[in-house]
Each structure stands twice: as C-alpha cells, then as structure tokens.
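Engineer: structure for the following, please:
(chains A and B)
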There are 2 protein chains.
Amino acid sequence: MKAIITVALVWVGALSPAWSESDTIQLTLAESWGEGAPVFGETTRRFATLVEQLSGGRLSVQVDSANVHGQPLGIFDLVKRGEYDLGHSASYYWKDSVPNTLYFSTMPFGMMAVERYAWFYQGEGMALMDEVYQPHNLYSFPGGNTGVQMGGWFRSEIRTLEDLQGLRMRVPGFAGEVLSEVGVETVNLPSTELFDALKSGELDALEWVGPSLDLDMEFHSVAPYYYTGWHEPGTELQFLANRDTFDRLPEDLQNVLTIAMRTVAYDMWILSHHRSAVNWQQMEREYPNIQVRSFPPEVMNALRDANRRLLAERAEQDPLAERIIHSLADYQKGTRRWIDISERAYLGNMDAQGNRIE
Amino acid sequence: MKAIITVALVWVGALSPAWSESDTIQLTLAESWGEGAPVFGETTRRFATLVEQLSGGRLSVQVDSANVHGQPLGIFDLVKRGEYDLGHSASYYWKDSVPNTLYFSTMPFGMMAVERYAWFYQGEGMALMDEVYQPHNLYSFPGGNTGVQMGGWFRSEIRTLEDLQGLRMRVPGFAGEVLSEVGVETVNLPSTELFDALKSGELDALEWVGPSLDLDMEFHSVAPYYYTGWHEPGTELQFLANRDTFDRLPEDLQNVLTIAMRTVAYDMWILSHHRSAVNWQQMEREYPNIQVRSFPPEVMNALRDANRRLLAERAEQDPLAERIIHSLADYQKGTRRWIDISERAYLGNMDAQGNRIE
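Structural biologist: Numbers count the residues shown, from 1 in each chain, chains lettered A, B, ... in the order given. So this is what the prediction gives:
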C-alpha cells in the first residue's frame, strides 16, 4: 500500500492537473469489512474486477479490508483525508459526527430497496446526499442493498411492550435510538463477541442482517425467536470517493468508476436476496426450533411513535435534516401507494384471498 | 444506416478475426419500440450513451426505432441474420417460432423482478437462456424490468368466473393462452387502435403495462375497473446480440456492452417503479372514477389451474421446456418463502396488524 501512496504523492507533487489517457492508474479502496466478508466483500472485489475489465486495464483498484487499515468505522475520515481514494462502508456509521449522513442508509418504517433506489436515482436522493458529503470533500454513491433486514433474534417471545422493556439488545444506528426510547437497553458489541453474549444471557436479543449473513453466526441455536423487519427495510451500503482524486481522473474513467459502483450495488441487492432465500430454506429444513414472529400491534405502534418523535426533534434542530426527512417521507408516501396495488396485491392474489383494495 | 452496414461488410470482407484496440466501432441496434417511446426507448438511449461514455468514444451504438426498420416484432430475425448487431425487445415475442423463448420474459403466477434477476444472475437463468438462444447465433441478456404489471382495464366488474367468460380482451403472450383456456376471447391489436376499440365496446377489456405507461393511453376514461396483477409479475425486456459481431469485439468492449446492458436493465426497473408511483398518484387524484379490484378467488383459482395445465403440456412436449419450467418453479418456491417473511411481513408490520407468520 505504501508504494501506491507514494505514486499518488508524485502526481500531486508534479502538480499534474489530471491523469492523461495513456497513464495506468491504481486507486486504493478501504472497506469496513473483514477479509473475505460474504456479500459485502464480494461486492468490493467484483467492483475491482469490473473497473479493470471496463477500463481495459488502464484503471485498477486495490481493496484493503479492515484487517489491513485497522479502522473499520473510520472509512469516512480515511477517504476525506485522502489516505485512501475510495471507501466502501455505510453512511449511517457517521451519524454521530455528521448527523445528516444518517438518512442515506436506511430508516425504521422507511423505504424498501426498490423505493430507495428510485428516490436516489429518480427523486431527490443523490442531490441531497451530495449536499451532505460535498463539504467533507467526498462523493457518496449507493453501494449495495441488503434487502429487508430481519428484526433480530430474541431469547424469549415478545407479547407485550413490557416484554421488550428492560431487555439488553445489540442494535446500532437510529433503530437503537428508537428502541432506547421505548425502554430497551441498547448496546453495540464487536461481531466476534455476539454469539457468546447471546448464549450467556449477557444479551437478551440482537439484530444482525437476515438469513444471508445470520445463518453462519448460529444465533438460532441460542435465541429461537426470529422477528420480522421494521427497522432496516432496505439498508444501502455506500461507496465514497475523495473528490480531489476523482476530479483528476479522465472523464471516461470517472464513468467507469460510477457505472461499476452502480452495477455492483444493484448486484449486491440481488445476491443478498438469493443468499437469504437459499439460507432461509436451509434454516427452515435444519432448524425447526426457529420461530418466526412479528411484534404485536402495541409494540409496533410504540416504536412508530418513538420514531416520529425522534425525527421531529432532528428536523427542528437542522433545516437540511428537515428537508431530507420530508423528501424521504413524501417520496415514500407515493411509492407505497403503488406498492400496495402492485407487489402487495400480487402476493395477495397468489394466495387467492381475493382481497379488494378500494 | 447503409453506410454502417457497408463498414461491417468491409470488415467481414477483410476476414479480420477481430477489431483491434485502435478501431472506432459503430454498432447498430434495432428496438421494438416507436421513436421516443417512454421508459423502453429511454433505456436504449441510455444504453447508447453509457457505451460511448465507458468506451471513451471507441464504441458507439446507433439505435433504430420501429419506424426506421419497420419490423417491431421481427428483432429476433434482424439480429440473427446480422442485419443489426444488437436488438432490444421481449423474449416472449418469439414464443410462436421458438417456443422456449417464452420463459425469459415473465410468467403468470411467476416471479417478481427481484426474484427473476436472482434466478438469472445467481440461479440457472442465464445458462438456460443461452441454451435456447445459442442455436440461433444469438446472445440474450436481461433488458429492463417493468415491475408488476396491472391485470388490465375492464369496462365492467368481474364478480364471478362467468363474468369473465365470453369477454373480448386484448392480452398477448402466455397470459392470453391462460385466459383463452378459461373462456375469454383473446385478441391482439396494434397499440394505436386500443383506445377506440375499448371505447366502442369492440373490446371489453385489455391489459397494457401499469400506471407508468397506462396513464397516457387514457383507458381509465372508458373502462374504470383496474385489476391488480397476476399474469406479468415482473416482465423482463431483452437485449439481443449477434454472436459473430459480439465475439469479434475486443474483450474490454464486450465488457462495456454487457455491463451497460446490465446497468440500464436495472435502471429501467427503478424508472418503471418511479413513473408508476408518480402516475398512480396523479390517477388517484384526478380520476376518482378508477376502481381498483382484484379477481375473486374463484377466478384466480381457475386461472391458476389453467396455467398449470398449459405448463404441464409444454413440459411434456419438450425436455428443455421441462427443465426450464422446473428451474423457474423450484427457484420461485425458495425465494417466495423468503419474501413472505421479509418484504411481505414488513408491509404487514407497517400496518401494525401484528400478523403472526408461523
């Protein structure tokens, strides 16, 4: 990696305004994930392959996993400072230092993948995201969707709001804030400690992703209640690019980067869906102890109210937050009306329930 | 266009085994759609733009709409014979001459877009599609998804199977065969004649796409019952490439073509979703006479039985058809189990119905 940084410095040192078309350029990418991470890590490797293929070898990307750079949650700063040219992470990881980055990953009660991509690419999403990242000398792009995430693994069943209150649960992000608001003790722990903590009862519950990544974690063997999703309905990962580096690239290589990102992001969504479908079949077959549950209406309503209160606070504190929150809500309202009479109605028709939608 | 064909002939004449890296290459694409067609035509134009951008101008694509080549339903032959290098159309258009092309667009009671893409890219879809198209000297690629299509516009409400029987309806493809099987008189008419035929009562019903493209057709003003989908749950359009042309391209330009196709196909899905959401809002606001309905269970069950019978006949007649039909059914079974506890459960949770999925 040192050699590559040196090359970059030489370019800067020569005050070269842009790479020329004959240069062979190597960029570096820091990802939040451990080496060989399934789905997420497959996405960055595929990105590097596509960039090389599309550019005919003129551009290549070296992917450094968290074990190389040692800062899984520091990708924002690594790319902002130019220590890496590119990053792959999740926008809501930066919500404590730059609060408005929160909204570009996923939101409780929010949009599913198809709706979120439509907001990004056909609605106001990309422009608003640029408004948030531009002051930090960063470009941000959609980086792959997990699909609807499951609500998590619980050691005991949740029949009332009281059953939830006082539980100790690993759940990061805004969903953690919402659960805290209704009385859950929320914590974050490194992924390597999660299984033991759940087994010993140090944790009563945790959420991870969904069958695509949950199966290998074996949470099902110690916490059999698997709750359906409400809190991360379509989590979008993120590519970051240092603006100085990106702006110096020839235009066709800028296009190679953005189209490769766009394609592998969509591909990750499809891969996540496939892996979850395959793994869920295995889980149903081999682990009949798993009990799928949805929170009762009392719990869902309490969570929804808490979510609304917290969003209203954020909107009141910051005009840009207010614009983003309203843009998300307005877009979702329209797209959900359509989903109700398309995908949802179709699934209902497949059961031949004959429900009428008036 | 003549000039381009001449250039192609010169290359063939020189027995050049492949274009070299320094050549500037122009390919031709024939699309089934009329000039400036929304969504579909936007997709081919965006494809041409992406190819030019990604290749730094080394490769360009001239898109000819149906008014230029005059054969909207003849794209398969135009590309097979090499009169065009590329095509953009729909695989089920060739079902009468090459029956096994049917399965790569959409099937009644079949997979939605996310499921179908997963079957193509992570399941057996691409390999099976290649098996069908290879003997015709063609490559076939996913070309953009419409999302769930609506079941169509009806002049009167369908309360029983009898209400459906004897109706004259414009509905092409396999869905047409299924509806014929239960007693509908199915026809196909040019799109330009549809509105008048529905208005005059020459047609009792028709299906088109969904709000994205239906709004401008104004069917709602003469047939107010808008039925939810069952017959085209995620119609995938198709890119075709002549294998001789494609194989002679330098590898990086082959990659440019396939990645541009892949990206614009996904983008069309997102665009379709966006347009349907926006147009459906307008339709709800401006045309309160529109009545959304789903077929009653009696009708859905009759259609499902007819669909099964027709598929069983096809499977019995042709071993390749049998493999494709089984691959689709097996994959759908797995992915639908996952959709039930992810997207479908999520939408249920948003209503706070608290349904339990056991």
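
Engineer: hang on, A:E202 in a helix?
Structural biologist: No. Under DSSP: H, G, I helix; E, B strand; the rest coil, A:E202 falls outside any helix and is assigned coil.

Engineer: so how far is B:F104 from A:E343?
Structural biologist: Going from A:E343 to B:F104 by CB to CB, to the nearest Å gives 21 Å. No exception for glycine: its C-beta is placed from N, CA and C like everyone else's.

Engineer: should've said A:P233
Structural biologist: From A:P233 to B:F104 the distance is 30 Å (CB to CB).

Engineer: then A:W280?
Structural biologist: 26 Å.

Engineer: then A:P319?
Structural biologist: 49 Å.

Engineer: the more surrounded of these two?
Structural biologist: Neighbour totals were compared for A:P319 and B:F104, and B:F104 leads with 26 against 9 (other CB atoms under 10 Å in any protein chain shown).

Engineer: can you name the residues that contact the more buried one?
Structural biologist: Shown in contact with B:F104 (CB atoms under 8 Å, 6 or more residues apart in numbering or on different chains): B:91-92, B:125, B:129, B:132, B:140, B:236, B:238.

Engineer: could you pick out which of the residues you listed are located in helices?
Structural biologist: B:125, B:129, B:132 (DSSP state H).

Engineer: okay, the residues you listed in CSV with neighbour count next?
Structural biologist: Shown next, in CSV, are these (neighbours: other CB atoms under 10 Å in any protein chain shown):
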residue, neighbour count
B:G125, 23
B:M129, 22
B:V132, 22
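
Engineer: ranges for the helices of the stretch 1-150 of chain A?
Structural biologist: For the stretch 1-150 of chain A, helices defined by DSSP state H, counting those that start in this stretch occupy the ranges A:2-13, A:40-54, A:66-69, A:75-80, A:113-122, A:125-133.

Engineer: I misspoke; the intended subject was the stretch 201-350 of chain A.
Structural biologist: Under DSSP H, counting those that start in this stretch, the stretch 201-350 of chain A gives helices at A:211-214, A:243-248, A:251-286, A:297-317, A:319-341, A:343-350.

Engineer: count of neighbours near the nearest residue to A:M350 once chain neighbours are set aside?
Structural biologist: Nearest residue to A:M350, sequence neighbours excluded (CB to CB, 6 or more residues apart in numbering or on different chains): B:F109, at 6.5 Å. Counted with other CB under 10 Å, the neighbours of B:F109 add up to 20.

Engineer: who's in contact with stretch A:331-345?
Structural biologist: A:110-112, A:115, A:118-119, A:123-124, A:355, A:357, B:112, B:147-148, B:150, B:210-211, B:228-229, B:273-274, B:276-278, B:280-281, B:284, B:292, B:294, B:343-344, B:347, B:350.

Engineer: separate out the buried members of the residues you listed.
Structural biologist: Neighbour counting with 16 or more other CB atoms under 10 Å in any protein chain shown marks A:110-112, A:115, A:118-119, A:123-124, B:112, B:147-148, B:150, B:210-211, B:228-229, B:273-274, B:276-278, B:280-281, B:284, B:292, B:294, B:343-344, B:347 as buried within those.

Engineer: burial check on the closest residue to A:E31 other than its chain neighbours, number of neighbours?
Structural biologist: Of all residues not flanking A:E31 in the chain, A:H88 sits nearest, at 4.2 Å (CB to CB, 6+ apart). For A:H88, the count of nearby residues is 27 (other CB under 10 Å).

Engineer: also the one 4 residues further on?
Structural biologist: By other CB under 10 Å, 22 other residues sit near A:Y92.

Engineer: show me what contacts it?
Structural biologist: With CB under 8 Å, 6+ apart, A:Y92 has these contacts: A:101-102, A:104-106, A:173-174.

Engineer: same list (these) but as a markdown table, adding pLDDT.
Structural biologist: Formatted as a markdown table, those follow (pLDDT from 0 to 100):
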| residue | pLDDT |
| --- | --- |
| A:T101 | 98 |
| A:L102 | 96 |
| A:F104 | 98 |
| A:S105 | 97 |
| A:T106 | 96 |
| A:G173 | 85 |
| A:F174 | 94 |
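
Engineer: for these, which one is nearest chain B?
Structural biologist: Nearest to chain B among the contacts of A:Y92 is A:T106, at 11.5 Å by CB to the nearest CB.

Engineer: hang on, the closest one packs against A:L237?
Structural biologist: No. Assessed by CB atoms under 8 Å, A:T106 is found out of contact with A:L237, at 10.0 Å.

Engineer: could you single out the nearest of the ones in helices among the contacts of B:F104 to chain A?
Structural biologist: Out of the ones in helices among the contacts of B:F104, the member with the shortest distance to chain A (by CB to the nearest CB) is B:G125, at 11.1 Å.

Engineer: what's the closest non-adjacent residue to that closest one?
Structural biologist: B:W119 (4.3 Å).

Engineer: what does A:E185 give?
Structural biologist: A:R168 (4.7 Å).

Engineer: repeat that for A:Y93.
Structural biologist: Nearest to A:Y93 is A:L73, by CB to CB, 6+ apart, at 5.5 Å.

Engineer: what of A:E181?
Structural biologist: A:A306 (3.8 Å).

Engineer: I figured A:T160 was touching A:A302, is that so?
Structural biologist: No. If you go by CB under 8 Å, A:T160 and A:A302 don't touch, sitting 10.2 Å apart.

Engineer: which of those two has more neighbours?
Structural biologist: When neighbours are counted by other CB under 10 Å, A:T160 and A:A302 differ, and A:A302 comes out ahead with 19 against 10.

Engineer: got the contact list for the more buried one?
Structural biologist: A:161, A:182.

Engineer: so how far is A:I325 from it?
Structural biologist: In terms of CB to CB, A:A302 sits 20 Å off from A:I325.

Engineer: what residues are up against the closest residue to A:R304 other than its chain neighbours?
Structural biologist: Nearest residue to A:R304 in three dimensions, chain neighbours excluded: A:F109, at 6.0 Å (CB to CB, 6+ apart). Applying CB under 8 Å, 6+ apart, we find A:F109 in contact with A:230, A:233, A:303-304, A:307, B:350.

Engineer: before we move on, what about A:E52?
Structural biologist: Taking CB under 8 Å, 6+ apart as the test, what A:E52 contacts is A:59-61.

Engineer: on that earlier part again, and A:H220, which of the helices of the stretch 1-150 of chain A is closest to it?
Structural biologist: helix A:40-54 (21.2 Å; CB to CB).

Engineer: and the closest one, average pLDDT?
Structural biologist: For helix A:40-54, the mean pLDDT works out to 97.

Engineer: hey, C-alpha coordinates of that helix in PDB?
Structural biologist: Only the C-alpha atoms of helix A:40-54 are listed here, as PDB (Å, rounded to 0.1, in the frame of the first residue of the first chain):
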ATOM      1  CA  PHE A  40     -20.200  -7.100   1.200                       C
ATOM      2  CA  GLY A  41     -16.700  -8.200   0.500                       C
ATOM      3  CA  GLU A  42     -17.800 -10.000  -2.600                       C
ATOM      4  CA  THR A  43     -19.200  -6.600  -3.800                       C
ATOM      5  CA  THR A  44     -15.900  -4.700  -3.500                       C
ATOM      6  CA  ARG A  45     -14.000  -7.500  -5.200                       C
ATOM      7  CA  ARG A  46     -16.500  -7.500  -8.000                       C
ATOM      8  CA  PHE A  47     -16.200  -3.700  -8.200                       C
ATOM      9  CA  ALA A  48     -12.400  -4.000  -8.600                       C
ATOM     10  CA  THR A  49     -12.800  -6.700 -11.300                       C
ATOM     11  CA  LEU A  50     -15.400  -4.600 -13.200                       C
ATOM     12  CA  VAL A  51     -13.200  -1.500 -13.100                       C
ATOM     13  CA  GLU A  52     -10.300  -3.400 -14.600                       C
ATOM     14  CA  GLN A  53     -12.400  -5.100 -17.200                       C
ATOM     15  CA  LEU A  54     -14.200  -1.900 -18.300                       C
END
